[in-house]
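*Asks:* coords below, sequence missing:
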């Protein structure tokens, strides 16, 4: 799949994962702005006994209150707007992916910044990188610094997908963030940095391709 096809999937996911839940007012907000209580229909007097259908009588502790409808139109809004309905196949496809792929797409294209998703992405990237280190030994200090690079690598790849004009972290910037010299960066950390970004890039591409495949199978079933 070429870059143009991947970018098309990214565009569709940005629309499908968009949070438009604030498009209408909630019931409590509507009540606060326009109090719907009309007390003229029932005078405030304590009703001790209320007769129900069938002649059964019960004791009532509260007076009856008439409440008008909060909606301003006769027909209620549909449970799902047209925009959300048009992208439901893409959202359904995302939720059929594995957890790391879901976390990546929601963070990168749905702008979901929840800590749980960020942790899941970093754990996935680090686990894959650790498998590449089988047979090699790392100093504890080096390993801790590499772990701190994981989230920077994820952010770097994600930001590049958000903005075509994004400039990647320079070696001088990264070495300054890690409080090391540029020589140490190039000798010890430059190669792992590229490897971590490659893992995040592969996660992105695999998630996009799998999403497209599940969307295609959804329409094939219909």
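*Replies:* That came through fine. It should be emphasised that the depicted structure is a prediction, and the values quoted were computed from it without experimental measurement.
*Asks:* so for stretch 19-26, what's the average pLDDT?
*Replies:* Regarding stretch 19-26, the rounded mean pLDDT is 60.
*Asks:* what of stretch 183-196?
*Replies:* So the average pLDDT for stretch 183-196 ends up being 94.
*Asks:* in three-state terms, label residue 136 for me.
*Replies:* coil (DSSP: H, G, I helix; E, B strand; the rest coil).
*Asks:* what about it, how many neighbours?
*Replies:* Residue 136 is flanked by 6 other residues according to other Cβ atoms under 10 Å. All C-beta atoms are positioned from the backbone trio N, CA, C, and that covers glycine.
*Asks:* and if you look at residue 201?
*Replies:* Neighbour tally, residue 201, other Cβ under 10 Å: 15.
*Asks:* who are the packing partners of the strand or helix carrying it?
*Replies:* According to DSSP states H and E, residue 201 maps onto helix 190-221. The elements that helix 190-221 packs onto, with contact taken as 3 or more Cβ pairs under 8 Å, 6 or more residues apart in numbering; DSSP states H and E, are helix 3-16, helix 88-94, helix 99-108, helix 115-132, helix 140-162.
*Asks:* any idea how this structure splits into domains?
*Replies:* 3-21+80-221, 27-67 (automatic domain parsing).
*Asks:* just give me the lowest mean pLDDT stretch among these.
*Replies:* Lowest mean pLDDT of these: domain 27-67, a mean of 62.
*Asks:* picking up where we left off before, tell me which of the domains of the chain sits most buried.
*Replies:* Ranked by average neighbour count under the criterion mean count of other Cβ atoms under 10 Å, these are headed by domain 3-21+80-221 at a mean of 15.
*Asks:* okay, the helices and strands packed on helix 190-221 in a markdown table with distance to residue 182 next?
*Replies:* As requested, the helices and strands packed on helix 190-221 are exported to a markdown table (distance: least, Cβ to Cβ, whole Å):
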| stretch | distance to residue 182 |
| --- | --- |
| helix 3-16 | 31 |
| helix 88-94 | 40 |
| helix 99-108 | 30 |
| helix 115-132 | 23 |
| helix 140-162 | 15 |
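*Asks:* nearest to residue 52, of these?
*Replies:* Ranking these by proximity to residue 52 (Cβ to Cβ) places helix 88-94 first, at 44.2 Å.
*Asks:* could you name the helices and strands sitting against the closest one?
*Replies:* Applying 3+ Cβ pairs under 8 Å, 6+ apart, one finds that helix 88-94 contacts helix 3-16, helix 99-108, helix 190-221.
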